[in-house]
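Trainee: I would like to see how this sequence folds:
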Amino acid sequence: MIRTFDARRVTGWLLATLLLSGCTYVPTFESIEDPAYRPSLQAGNNGLRYIDGQLFYLYVPQAVLDEPAGRRILVTVHGYDGRLDSYNGERNVRQAGLRWAGLAEANGWVVLSPQFDEARFADDYRQLNLGGELRADLRLNELVALVGELLPGITTERLLAFGFAGGGQFVHRYAMLHPARVERAVVAGAGWYTFPDPELPYPLGVRDDSLPPDLDFDAAAFAAVPLLLVAGETDGADGALPRNATGNGQRYDLLEMQGATRAERAQNWADAVGAIDGGAETGLRFERLPATGQRINEPLSERTRQFLSD
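Mentor: Numbers count the residues shown, from 1 in each chain. The predicted model follows:
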């Protein structure tokens, strides 16, 4: 039997494959001032693309759409799976933002959920990709500025932030290096941490010569940031932690330096932050949640809502 070539069927299959793989064509622009680049917003969840095609979501309550002046932005950063340039990656980013839709409605906040995909950010968003061509911390600042363009009068100088797992790594490092931009932050379930140690190279520590020229670590400013650090009491897994890291010709055993489990590493980091400035009062609050492992459950969600709304 001779098989015939069905062009329509093949074309349909190719389109479906591209859509599912996240490889759909996205136009790019030189700047947000390009007249062709005109993101529009509606009440609720908005899936948008930045000028270079990076995906981000904005949840906008109707009240904010009607009157954006003075409103605040809650940044939510996805975990490691959200970096995937695929349908699953996009879904994880979308869920990371929609989880806080009720909080946004109750408080009149916008939720910004960027996707820090593996291609653009060299699979290094958790460490802010400080040595890469496109830095994740600066891109977040660009997206916040864009929200200010789309919603004139909204507060863009200081942010609320939530990060879980890989997102918790991003959020605590962003708060350490951009403390003036963070009003309040919640870090939960992070795999490992950058310690406020001026002798260790970044991302293990904050030694000056390991940071980009535009960044330095202001210990006092960071210590003043209200930050809730959460570890699940039953989170005994070692997490996404490389056993060894190389820095400036030296090798470091991270398990030995930071602890064997996520909960232990969170405690050690909290102790190190608490010792800043000779143990003076800091904005950090460390809490262990009972019956909680590596997941966002209702106790974690409720504690996050309380802390961010204070």
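Trainee: low pLDDT regions in the stretch 1-150 of the chain?
Mentor: 1-25 (pLDDT under 70).
Trainee: in the stretch 1-150 of the chain, which spans are helices?
Mentor: 7-20, 62-66, 87-98, 101-107, 136-150 (DSSP state H, counting those that start in this stretch).
Trainee: in the last one, what's buried?
Mentor: This means helix 136-150. Across helix 136-150, burial judged by 16 or more other C-beta atoms under 10 Å covers 136-137, 139-141, 143-144, 146-148, 150. For every residue, glycine as well, the C-beta is placed using N, CA and C.
Trainee: Can you check the pLDDT for Ala240?
Mentor: On the pLDDT scale, Ala240 is placed at 48.
Trainee: And the helices of the stretch 1-150 of the chain: which comes nearest Thr304?
Mentor: Nearest to Thr304 among the helices of the stretch 1-150 of the chain is helix 101-107; the distance by C-beta to C-beta comes to 8.1 Å.
Trainee: CA atoms of stretch 88-106 as CSV?
Mentor: Coordinates of the C-alpha atoms in stretch 88-106 are reproduced here as CSV (Å, rounded to 0.1, in the frame of the first residue of the first chain):
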residue,chain,number,x,y,z
ASN,A,88,5.6,22.6,32.4
GLY,A,89,8.0,25.5,33.1
GLU,A,90,5.4,28.1,32.0
ARG,A,91,2.7,26.4,34.1
ASN,A,92,4.9,26.4,37.2
VAL,A,93,5.6,30.1,36.8
ARG,A,94,1.9,30.9,36.3
GLN,A,95,1.0,28.9,39.4
ALA,A,96,3.7,30.6,41.4
GLY,A,97,1.9,33.9,40.9
LEU,A,98,-1.7,32.7,41.0
ARG,A,99,-1.1,31.1,44.4
TRP,A,100,-1.2,34.7,45.8
ALA,A,101,-4.1,36.0,43.8
GLY,A,102,-6.4,36.1,46.9
LEU,A,103,-3.7,38.0,48.8
ALA,A,104,-3.4,40.5,45.9
GLU,A,105,-7.2,41.0,45.8
ALA,A,106,-7.4,41.5,49.6
